Every structure is written in structure tokens, then in C-alpha cells.
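Peer 1: sequence-free structure coming up:
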């Protein structure tokens, strides 16, 4: 997910996006633990997307 796409969203949308990413991360971790996850690079992508969303949320909170 690109940062420009995330910057266009408001706080409510970013919070919803964060929840979805956290659920996806949990699901992938469970799949990895049970040897069902074939593409382990997805974990890294999701983790970095979570960091991007959290960074934007903190930036928006700091500018208020």
C-alpha cells in the first residue's frame, strides 16, 4: 500500500485499515505456525503497512 493512498484517508478510515491489517497479520501468523502459509514475504509487507498506518495516525494526532 502506498503512502499517498493512506494520506488521502481520514482518521476513521485509517483506524479501520489498521484493524483489518492487524487481523490479517494475526491470521498469517497462525497460518505460518501451522505450516499453511506459502508466501512468507506477505508477513513483512503487512507488518510494514501497519507501521505506515500507525505513523500517519500519530502524525495526524500531532497536528491537531
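Peer 2: In hand now; what should we look at? Everything numeric in this text was worked out from a predicted model, so none of it was measured.
Peer 1: In the lowest-mean-pLDDT helix or strand in the chain, which residues are buried?
Peer 2: Within the chain, confidence by mean pLDDT, DSSP states H and E is lowest for helix 3-7 among all helices and strands, at a mean of 92. Using 16 or more other Cβ atoms under 10 Å as the test for burial, helix 3-7 gives residue 6. Placement of C-beta: from N, CA and C, glycine included.
Peer 1: what helices or strands is it leaning on?
Peer 2: Judged by 3 or more Cβ pairs under 8 Å, 6 or more residues apart in numbering; DSSP states H and E, helix 3-7 is in contact with helix 41-62.
Peer 1: got a list of contacts for the helix it packs on?
Peer 2: Here helix 41-62 makes contact (Cβ atoms under 8 Å, 6 or more residues apart in numbering) with 1, 3, 6-7, 11, 14-15, 17-18, 21-22, 24-25, 28-29, 32, 37.
Peer 1: Just the buried positions in it, please.
Peer 2: For helix 41-62, by 16+ other Cβ under 10 Å, it's 43, 46, 49-50, 52-53, 56-57.
Peer 1: next one: stretch 15-31
Peer 2: In stretch 15-31, counting by 16+ other Cβ under 10 Å, buried: 17-18, 21, 24-25, 28, 31.
Peer 1: okay, which residue is most central for this structure?
Peer 2: residue 50 (2.8 Å; Cα atoms, centre = their mean).
Peer 1: any idea how far that one lies from residue 10?
Peer 2: To residue 10, residue 50 is 18 Å away according to Cβ to Cβ, to the nearest Å.
Peer 1: repeat for residue 3
Peer 2: For residue 3, the distance to residue 10 - Cβ to Cβ - is 15 Å.
Peer 1: Hmm, residue 6 and residue 14 touching each other?
Peer 2: Yes - with contact defined as Cβ atoms under 8 Å, residue 14 reaches residue 6; the gap is 6.7 Å.
Peer 1: average pLDDT across stretch 10-20?
Peer 2: Throughout stretch 10-20, pLDDT has a mean value of 96.
Peer 1: Off-centre distance for it?
Peer 2: Mean-position distance between stretch 10-20 and its chain equals 9 Å (Cα atoms, centre = their mean, to the nearest Å).
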